[in-house]
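J.: Need coordinates for the following:
(one chain, ligands or ions: 1)
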Amino acid sequence: MSLIESLNWRYAVKNYNNQIVEQEKVEQILESIRLTPTSLGLQTFKVFLIENPELRAEMHLKVCKQPQTVEASHLLVFAAYSELKQEQIDHYMHRIATTRSQALAELEKFKMGIQGFTSKMEVSDLRNWCAKQTYIAMGTAMTVAAHLEVDTTPMEGFDNKAMDELLQLEKQGLFSTVMLALGYRDSEKDFLAKAKKVRKSKEELFIVK
Ligand SMILES: Cc1cc2nc3c(=O)[nH]c(=O)nc-3n(C[C@H](O)[C@H](O)[C@H](O)COP(=O)(O)O)c2cc1C
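T.: Take a look at the predicted model:
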C-alpha cells in the first residue's frame, strides 16, 4: 500500500480481535515515537507501554471503560512533563554533546535560550506545550502503524486523574494526555470496520492565498 492508501485503510478501531502485534512491529512503532520531532528537541514526555493484563483490567475498571482498553494487543499511554527541571535540560545538553562529539561549552547559548524560553512560561502553558508534543508523537506512531498494517485507536476518552493515580504519574513529574491502542481489528464486531471515511473536502479544508 502507498502511504496515502495506508491512511485510508486505517481508522480508529473500536473492537480488536485477540491477535497480538508482532514484537518487531511494536519495536518499529516505538522507534517512530523516539524519532518524532519535538519542540527544541527536548522530548518532554514519557510513553508507558502497558502489557500486563492485570493492569489493563484495572485500567478498564477505573480509568477507561472503552473496549479497546482490554481488547487491544498493546496500550501506549502518553504522559507529558508537568514541569521542566534544570537537570532535564542539562541531560539534553549532555546527550547532544555526546552524540555529536561537541564540547558542552559550545552549547551554552542554546542552553540559555531554552532556559530563557521555558522559564517565562506559566506552569499551565508549559504543561500544554509538553502535552502538544505527545500528540505529534502519537500521530507519527499511528502513521507508521498504518504503514505496517497494524491497527490503532487514538484515545482521549478516559479519566486522566484516575490514570495519573493508577500509574503514579504525579510523583514522576508527569501527567497523562492521550492513549494509543494497538492491535488488529475485529471486522465482524466493529461497526466502523466497513464504514466510509468521513472527511472535509480539499476545498473546505485548505485555503490557498
Ligand atoms: C486526540 C484524539 C482522541 C480520540 N479519542 C477517542 C476515544 O477516546 N475513543 C475512540 O473510540 N476514538 C477516539 N478518537 C478517534 C476519532 O473519533 C477518529 O479518529 C475520528 O472520528 C476520525 O475517524 P478515523 O480515525 O476512523 O478516520 C480520537 C481521535 C483523536 C485524534
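
J.: What residue in the protein comes nearest to the ligand?
T.: Nearest residue of the chain to the ligand, counting by C-beta to the nearest ligand atom: Gly157, 2.8 Å away. (Each C-beta comes from the backbone N, C-alpha and C, glycine too.)

J.: Cross-check the contact I'm expecting between that residue and Pro67.
T.: No. Gly157 is beyond contact range of Pro67, at 11.5 Å (criterion: C-beta atoms under 8 Å).

J.: more neighbours, the two?
T.: Pro67 (18 against 12; other C-beta atoms under 10 Å).

J.: per-residue confidence for the more buried one?
T.: In the predicted model, Pro67 carries a pLDDT score of 97.

J.: tell me the mean pLDDT over the longest helix seen in the chain?
T.: In the chain, assigned by DSSP state H, the helix with the most residues is helix 123-147. Averaging pLDDT along helix 123-147 gives 98.

J.: same thing with stretch 3-10?
T.: Averaged across stretch 3-10, the pLDDT comes to 98.

J.: ok, and what's touching that stretch?
T.: 1, 142-143, 145-147, 149, 151-152, 197 (C-beta atoms under 8 Å, 6 or more residues apart in numbering).

J.: Try it again at 10 Å.
T.: Residues outside stretch 3-10 that contact it (C-beta atoms under 10 Å, 6 or more residues apart in numbering): 1-2, 142-153, 185, 196-197, 199.

J.: how distant is it from the center of its chain?
T.: 19 Å (C-alpha atoms, centre = their mean, to the nearest Å).

J.: Likewise for stretch 136-151?
T.: Counting by C-alpha atoms, centre = their mean, stretch 136-151 comes out at 10 Å from the chain centroid.

J.: check contacts around the residue nearest to Ile33 when sequence neighbours are not counted.
T.: For Ile33, ignoring the flanking residues on the chain, the nearest one in space by C-beta to C-beta, 6 or more residues apart in numbering is Ala137 at 4.8 Å. For Ala137, the contacting residues are 32-38, 43, 45, 47, 76, 78, 177-178, 180, by C-beta under 10 Å, 6+ apart.

J.: What's the PyMOL syntax to select whichever of the contacts of stretch 3-10 are buried?
T.: Here is the PyMOL selection string for the buried members of the contacts of stretch 3-10, based on 16 or more other C-beta atoms under 10 Å:
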select buried, resi 142+143+144+145+146+147+148+150+151+152+153+185
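
J.: and the contacts of stretch 3-10 near the ligand, which?
T.: 153, 197 (C-beta under 6 Å from any ligand atom).

J.: Next, name the residue at the spatial heart of this protein.
T.: The residue lying closest to the centre of the chain (C-alpha atoms, centre = their mean) is Met138, at 3.4 Å.

J.: Settle this for me: that residue is touching Ala80, isn't it.
T.: No. Counting by C-beta atoms under 10 Å, Met138 sits too far from Ala80 to count as a contact (11.5 Å).

J.: Now for these two: what residues contact both?
T.: Common neighbours of Met138 and Ala80 (C-beta under 10 Å, 6+ apart) are 45, 177-178.

J.: Helices along the protein, start to end?
T.: 3-9, 23-34, 53-62, 68-71, 86-99, 108-119, 123-147, 160-166, 202-205.

J.: Just name the most buried of those helices.
T.: Of the helices of the chain, the one with the most neighbours on average (mean count of other C-beta atoms under 10 Å) is helix 68-71, at a mean of 21.
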